[in-house]
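In: generate a structure from the sequence data that follows.
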Amino acid sequence: MVDSTHANGFMLSHWRGAPTPDAIRDDTSAGIVLGALRLQLPELDLPYVTANHFDIDGFVGVWALLNPEQALEHEELLRQMALIGDFRELDLNHPLAGEALKLVCWINARERELFYKPFAADEMEEKEVMQCAGKFTYFLQAFGRVLQDPDWERAAWEDEVGSVLLGYRDMYKPETKLTRHPEIGLVIIEIPHPLHYYALFSRTTGFDMVLTCYDRNRYELEYKYTTWVDIASRPTLPRISMAPLAAQLNQMETSGHRWTYDAVTETGPLLRLDGDQLKREEAYDNPTEREIFSSAIPVDKLKQVVVNYYRQAYAHLQPKYNWSWKAIKELNT
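Out: Residues are numbered from 1 along each chain as shown. A predicted model of the protein is given here:
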């Protein structure tokens, strides 16, 4: 069972609470699978591999179990794919990140073209757990060829790769300002306009919350997926409800829009103006694909309120590994 949990089977998953053996714990499920293959764990000698949804991390893990020799040959490239696809953390200093980006964007393009966007099945009669089988069937057949030479599929991935690379460059321009608050796991990015997530989060590695401040007082605060799963590379702080922060901001807001928030159990909770009007697939999509409304709150005041809220919330908490959902929910209660 890859990148999910189930009562039966051997689980290779970074989901919270999954009984992953300590010897192969990793930040991504694909990384866990690759560790298990490298150690040749006897538990892998099973007739089937499955997952309950399709995403890049889970797909890479499933493909690796079905193609173990090829997977270990391309291990580092596959690890980069999982990091980019799941955490959206692109690091072009890594020698294989560029090739991994092509493969990730090829999957994104074909997924949209031939099937449906991530989380779009929420609005459909047949849910993801059933529909994703079609995606797995297609990509398991096609991926090996594209892995050998991604340029064969340049027409599919080049537009998105180009968008990511332009955004990546914008992240290093003089007008882009980053302020890091490691004590609360927050990085503030001030940049004129929205970017593709792979570019936007490229400078957020090691942080779990991102406050993005665009021109015209447009804001989004987001918990990264790194706090929905159990990552192995570092301890994390637990997610804290955005409800009191939204209430505080709504007392200050005079734009006619309202601050809304997602539950801490959402994969990437957003705090933003009129966020409750977004479908789940729109909230997961890149910020460039959704309207972000202007606030009446000045940027310096907004930053101060957000930082103060989380400093108070985390004042008596220490980062640790493997928070349980039960502990997080009790803490928020």
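In: please name the nearest non-neighbouring residue to the most far-flung residue of the chain relative to its centre.
Out: Most distant from the centre of the chain: T254, at 32.0 Å, with distances by CA atoms, centre = their mean. In space, and not counting its chain neighbours, T254 is closest to A296: 4.4 Å by CB to CB, 6 or more residues apart in numbering. Using the backbone N, CA and C atoms, a C-beta is placed for each residue, glycine as well.
In: didn't the one you found look like it was pressed against S255?
Out: Yes. The criterion here is CB atoms under 8 Å, and A296 meets it with S255 at 4.4 Å.
In: hey, where'd the helices end up in the stretch 151-300 of the chain?
Out: 154-170, 197-200, 243-252, 280-284, 299-313 (DSSP state H, counting those that start in this stretch).
In: most tightly packed of the ones you listed?
Out: Burial of the helices of the stretch 151-300 of the chain is given as mean neighbour count (mean count of other CB atoms under 10 Å); helix 197-200 ranks first at a mean of 25.
In: dump that one to CSV, keeping only the CA atoms.
Out: Extracted in CSV, the C-alpha atoms of helix 197-200 (Å, rounded to 0.1, in the frame of the first residue of the first chain):
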residue,chain,number,x,y,z
TYR,A,197,3.8,26.9,-7.0
TYR,A,198,7.1,25.1,-8.0
ALA,A,199,8.7,28.6,-8.3
LEU,A,200,6.9,30.2,-5.3
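In: for that helix, what is the distance to the chain centroid?
Out: Offset of helix 197-200 from its chain centre (CA atoms, centre = their mean, to the nearest Å): 10 Å.
In: for that helix, name the packing helices and strands.
Out: helix 154-170 (3 or more CB pairs under 8 Å, 6 or more residues apart in numbering; DSSP states H and E).
In: neighbouring contacts of the helix it packs on?
Out: Applying CB atoms under 8 Å, 6 or more residues apart in numbering, the external contacts of helix 154-170 come out as 90, 92, 101-103, 105-106, 108-110, 113, 150, 176, 191, 193, 195-196, 198-200, 202, 288.
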